[in-house]
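Asker: Below are the sequence and a predicted model for it; my questions follow.
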Amino acid sequence: MADFRKRFPVLSEKIYLNSCSQGALSQDVEEGMLEYLRSWHQHGSPWDLWVDQYEAGRRHFAELINAEPEEVALVASASAGVNAFASALSFKQRNKVVLGEFEFPTMGHIWLAQRPRGADVTFVGAEKNRIAVEAYDRLVDRNTLVVPLTHMCFMNGFRSPVAEITKIAHDRGAMVLLDDYQDSGTRPIDVKAMQVDAYVSGTLKYLLGPPGLAFMYVRKSIAESLVPTVTGWFGQRNPFAFDVKLFDPAPGTRRFESGTPPIPTIYGAIAGVKLLQQYGLQNVADQIRSLTNALIRGASELGIQMKTPLDSVGPLVVLQSKDADGLVRLFAEDGVVCSSRHDGLRISFHAYNTLDDVKFVLRLLQQNLKMLVTAPAETVAGSAS
Ligand SMILES: Cc1ncc(COP(=O)(O)O)c(C=O)c1O
């Protein structure tokens with residue numbers, strides 16, 4: 001653990017609790033990006049080497065989520081991947097898109113943009129800080145084409161019951177597209193075991209990489225039945241055929257790619273994934289669980305209202321605040337990096353955080369209790385599993 005922490009120089013200066021926004025920079029990722037610069041200096045334009053690296057990235061992401069490499073597309077953002085996927089769907093036979101109001105906004109934007117193409121977008125409403133499985137059960141029907149589903153809500157840390165919602169969707173013939181951006185890198189992932197049809201995540205948060213890269217899995221049998229209209233030369237069977245008159249989508253999921261891959265980011269992102277795999281994703285999950293439990297226990301003792309439902313904790317714990325932006329600024333004065341969304345103070349943990357970090361934050365919370373929403377202990381207390 002101490003060795004792992006040492007690889008993140010920022011941790012000697014800051015208590016870093018903002019992996020939900022951007023993972024901390026490790027020496028490994030820095031070295032990966034320097035390797036890219038060196039290759040550029042040394043060789044000028046080593047595109048064969050860079051294309052090899054791009055394929056290595058595909059293999060690393062595939063291994064991370066237990067997919068086949070040909071089931072993974074490398075894209076510039078989660079939005080780019082979902083747009084390509086959405087562009088390939090026909091809304092003629094089924095036209096409903098059912099998504100929760102805890103999705104990241106880009107999901108709403110992309111699916112709402114499909115309305116002129118025939119999509120009927122229905123939002124599943126939340127009650128307080130959760131969305132009930134029963135609400136999906138009521139809205140997903142035989143006219144539903146796809147259920148885009150966030151694994152973990154960026155605003156309040158609510159974890160969606162993926163297996164139950166996937167079963168409801170599949171029983172009615174609908175696909176599930178899991179957005180794992182707020183959770184991947186914090187625990188072992190197996191898209192096959194989860195049985196989702198498509199999956200998207202990006203590199204810059206808990207995967208510890210730089211921005212500019214995301215990856216998308218689409219189950220092979222589905223991918224090859226779809227032809228994206230948001231496309232480009234890297235989505236073709238042979239990008240290097242340079243044939244302007246031929247539209248020939250690549251086999252497998254690579255057909256959802258479009259333009260030149262972000263090579264510098266790929267170098268950095270591979271280093272981030274390797275670092276996590278060396279540490280062990282189960283070890284990451286165990287460490288995060290002990291930290292979130294300690295924070296929740298301590299915040300409960302202080303009577304702080306939690307936005308994160310206690311039975312759905314993951315890496316992100318969100319506390320209800322009367323001035324979340326003000327708290328972020330105050331915490332920054334004490335060297336603590338965290339973030340806010342609306343009335344929530346977001347504290348997110350990764351394997352590089354420690355119980356000392358939690359103790360420090362609890363002390364700051366206690367000192368600034370008037371900026372938090374508090375309630376009698378029995379309504380907030382309870383220990384998370
Ligand atoms: C859950 C979730 N999905 C999607 C995104 C956005 O992804 P991108 O900017 O790569 O499209 C974010 C970014 O914070 C996110 O938290």
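Answerer: Perfect, thanks for sending it. Residues are numbered from 1 along each chain as shown.
Asker: So, low pLDDT: which residues of the stretch 251-385 of the chain?
Answerer: 376-385 (pLDDT under 70).
Asker: show me where this structure has helices.
Answerer: Per DSSP state H, the chain carries helices over the ranges 2-6, 27-43, 47-65, 78-87, 105-112, 133-139, 162-171, 191-194, 220-223, 263-279, 281-301, 324-333, 355-367, 377-380.
Asker: Of the ones you listed, which stretch is the most buried?
Answerer: Per residue and on average, the most neighbours among those fall to helix 78-87, with a mean of 23 (mean count of other Cβ atoms under 10 Å). Backbone N, C-alpha and C define where each C-beta goes, glycine included.
Asker: give the contact list for the nearest residue to residue 336 once chain neighbours are set aside.
Answerer: Nearest residue to residue 336, sequence neighbours excluded (Cβ to Cβ, 6 or more residues apart in numbering): residue 15, at 4.6 Å. Residues near residue 15 by Cβ atoms under 8 Å, 6 or more residues apart in numbering: 335, 336, 337, 353, 357, 360, 361.
Asker: Run a quick check on the third one versus residue 22, I expect a contact.
Answerer: Read it as residue 337. No. Counting by Cβ atoms under 8 Å, residue 337 does not reach residue 22; the two are 9.4 Å apart.
Asker: Spell out which residues of the protein are next to the ligand.
Answerer: 77, 78, 79, 104, 106, 150, 154, 179, 181, 182, 202, 214 (Cβ under 6 Å from any ligand atom).
Asker: In TSV, list those along with pLDDT.
Answerer: Converted to TSV, the residues of the chain next to the ligand look like this (pLDDT from 0 to 100):
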residue	pLDDT
77	98
78	98
79	98
104	98
106	98
150	98
154	97
179	98
181	98
182	98
202	98
214	98
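Asker: Now the buried members of these.
Answerer: Buried members of those, scored by 16 or more other Cβ atoms under 10 Å, are 77, 78, 79, 104, 150, 154, 179, 181, 182, 202, 214.
Asker: In space, what's closest to the third one - neighbours in sequence excluded?
Answerer: In other words, residue 79. residue 106 (4.7 Å).
Asker: quick revisit: and which of the contacts of residue 15 is nearest the ligand?
Answerer: residue 337 (16.0 Å; Cβ to the nearest ligand atom).
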